[in-house]
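Novice: Sequence and predicted structure, then a few things I'm wondering about:
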Amino acid sequence: MPTSSSRRAAVSSAADTAPAAPAAKRDRTHYLYIAVIAAALLGIAVGFAAPDVAKELKPLGTGFVNLIKMMISPIIFCTIVLGVGSVRKAAKVGKVGGLALGYFVVMSFIALAIGLVVGNVIQPGSGMQLTEEVKGVGQAQAEAGGESTVDFVLGVIPTTLVSAFTEGEVLQTLLVALLVGFALQGMGRRGEPILRGVEHIQRLVFRVLAMIMWVAPVGAFGAIAAVVGETGVDALKALATIMLGFYLTCLVFVFLVLGALTRIVTGVSIFRLLTYLGREFLLIVSTSSSESALPRLIAKMEHLGVSRPVVGITVPTGYSFNLDGTMIYLTMASLFIADAMGHPLSVGQQITLLLFMMVASKGAAGVTGAGLATLAGALQSHKPALVDGVGLIVGIDRFMSEARALTNFAGNAVATLLIGTWTGEVDKERVRRVLSGELPFDEKTLLDEGGPAEAPAGQSGRREKELAGA
């Protein structure tokens, strides 16, 4: 019988001769986001030092945002088709959609109410001067934001089944994807090969998106340099009150309202959730567009443990209907303009105007300038005498757009987690492991490639079986 020492020697010998395990590849994507920060700081420096040169760099930022927007439609289509086409009962999709829309309406009212209170307390528009040049700017913005509710509803329907992908309209893509998903659901097993094909396309699309992200520093440099060059320091000083008031209101809404709701319903800390989405927030700050982070939000919320149907329906719909930051902006900007023009609104007029704006704002894109055009268009339709004052905030709208986009993004991330919890479509153990860093997000593919072996037991196993059509 071999002795214990001989057994140890044998084991040691076998270990020496066994092939070494391949070393894990380092995640180098953190260098990318360090480069984004450096590019943004460089853009600020160039904007102050050479404003005329900085203005010419705007196409760099616009080009990067357009590259991201190019990927939004195929990502939404693949995510929703895979989610809806895989679930057994169509009623589940309807339940998620109805709950999401109801939640969006309630949160819009809360955001409006908070903006209303803060706007009336600080009265930021007092003492401003209105020039003829400013009046012209307001009228131009009103023409850009004059779409009616009927036009918006009809605009959800694409010209053809495939034109939704070429026109870049999120709600059009959502409609087409839902129709295709329900059709595949009705085909049963005959639709499974198509679902597998869509899954392969999704992997390809996310891989392309990961490649595009390496251009982010160039886009951040151009976008930040242009806005600093166009705005300058004088406009910031003159309108600091409305800017600071708006930023503080957004912080109160995110950390107190959304934070309390997230803790009570899901038990998750809003700080941990927002830290998990830190790279997306950096991307939004660099581009002033929440749409630039939409594809990554879809990937990250699914990785977090929220089911595909919930993510696929809640996130795209929220980008058109859950605009918490835009609600706060419309409220405070309206009160600012009314005070600045010497026509302060009574409480009744404020409520009526803002309810009108809540309807008018639905469908506003998550891109720079959309909030300003929505504000001007709503004032033109409901309170034309105030349209001339829109020009007062044009100079700082880009900086307010940052806070709008960040708040809208945070609101949609929280909404996805909440709705997933209410519908029982969240793997709570996976949420814990992801937020604690045990299951890191794959920055190279933006997808979970490990399969069920990497997923924790419990809800995630049932979720993956359902998504696979097992």
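Specialist: Yes, it's here.
Novice: Mind listing residues that contact the helix or strand harbouring residue 281?
Specialist: Assessed by DSSP states H and E, residue 281 sits inside helix 278-287. Contacts with helix 278-287, where a contact means C-beta atoms under 8 Å, 6 or more residues apart in numbering, come from 33, 36-37, 39-40, 61, 64-65, 68, 216, 219-220, 223-224, 274, 290, 292-293, 296-297, 300, 368, 402, 405-406, 409. Glycine gets a C-beta too; all of them are placed from N, C-alpha and C.
Novice: From the residues you listed, list the buried ones, please.
Specialist: 33, 36, 39-40, 61, 64-65, 68, 216, 219-220, 223-224, 274, 290, 292-293, 296-297, 300, 368, 402, 405-406, 409 (16 or more other C-beta atoms under 10 Å).
Novice: measure residue 253 to residue 269 for me?
Specialist: For residue 253, the distance to residue 269 equals 17 Å [C-beta to C-beta, to the nearest Å].
Novice: Which parts of the stretch 1-150 of the chain are helices?
Specialist: 4-17, 29-49, 51-55, 58-86, 90-122, 132-144, 149-155 (DSSP state H, counting those that start in this stretch).
Novice: wait, the stretch 151-300 of the chain
Specialist: 163-167, 170-187, 192-212, 216-238, 240-252, 259-266, 270-276, 278-287, 294-304.
Novice: Using a markdown table, please lay out those helices together with distance to residue 389.
Specialist: Conversion of these to a markdown table gives the following (distance: least, C-beta to C-beta, whole Å):
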| stretch | distance to residue 389 |
| --- | --- |
| helix 163-167 | 33 |
| helix 170-187 | 31 |
| helix 192-212 | 39 |
| helix 216-238 | 14 |
| helix 240-252 | 12 |
| helix 259-266 | 34 |
| helix 270-276 | 34 |
| helix 278-287 | 28 |
| helix 294-304 | 32 |
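Novice: Of those helices, which shows the lowest average pLDDT?
Specialist: Mean pLDDT values for the helices of the stretch 151-300 of the chain show the minimum at helix 216-238, a mean of 71.
Novice: so where does the residue sitting nearest the centre point of the chain fall, helix or strand?
Specialist: Central residue of the chain (C-alpha atoms, centre = their mean): residue 409, 3.7 Å from the mean position. Assigned by DSSP H and E, residue 409 belongs to helix 394-422.
Novice: average pLDDT for that helix?
Specialist: Per-residue pLDDT over helix 394-422 has a mean of 84.
Novice: Kindly report the same for stretch 310-325.
Specialist: What stretch 310-325 shows for mean pLDDT is 84.
Novice: in the stretch 301-450 of the chain, which spans are helices?
Specialist: 308-321, 324-340, 347-361, 370-382, 394-422, 428-435.
Novice: So which bits of the second one are buried?
Specialist: For helix 324-340, the buried set under the neighbour-count rule, 16+ other C-beta under 10 Å, comprises 324-340.
Novice: Measure how that helix sits relative to helix 394-422, angle-wise.
Specialist: Following axes from the mean of the first three to the mean of the last three C-alpha atoms, to 10 degrees, one obtains 140 degrees for the angle between helix 324-340 and helix 394-422.
Novice: Now do helix 324-340 against helix 347-361, angle only.
Specialist: 140 degrees.
Novice: switch to numbering from 491
Specialist: Okay, residue one is now 491; in that scheme the one you just asked about reads as helix 814-830.
Novice: Check which helices and strands helix 814-830 sits against.
Specialist: Packed against helix 814-830, as judged by 3 or more C-beta pairs under 8 Å, 6 or more residues apart in numbering; DSSP states H and E, are the following elements: helix 580-612, helix 730-742, helix 837-851, helix 860-872, helix 884-912.
Novice: Hmm, residue 793 is touching residue 925, no?
Specialist: No: contact between residue 793 and residue 925 fails when scored by C-beta atoms under 8 Å: they sit 11.0 Å apart.
Novice: number of nearby residues for residue 746?
Specialist: Using other C-beta atoms under 10 Å, the number of residues around residue 746 comes to 12.
Novice: can you tell me how far it sits from residue 738?
Specialist: Distance, residue 746 to residue 738, by C-beta to C-beta: 11 Å.
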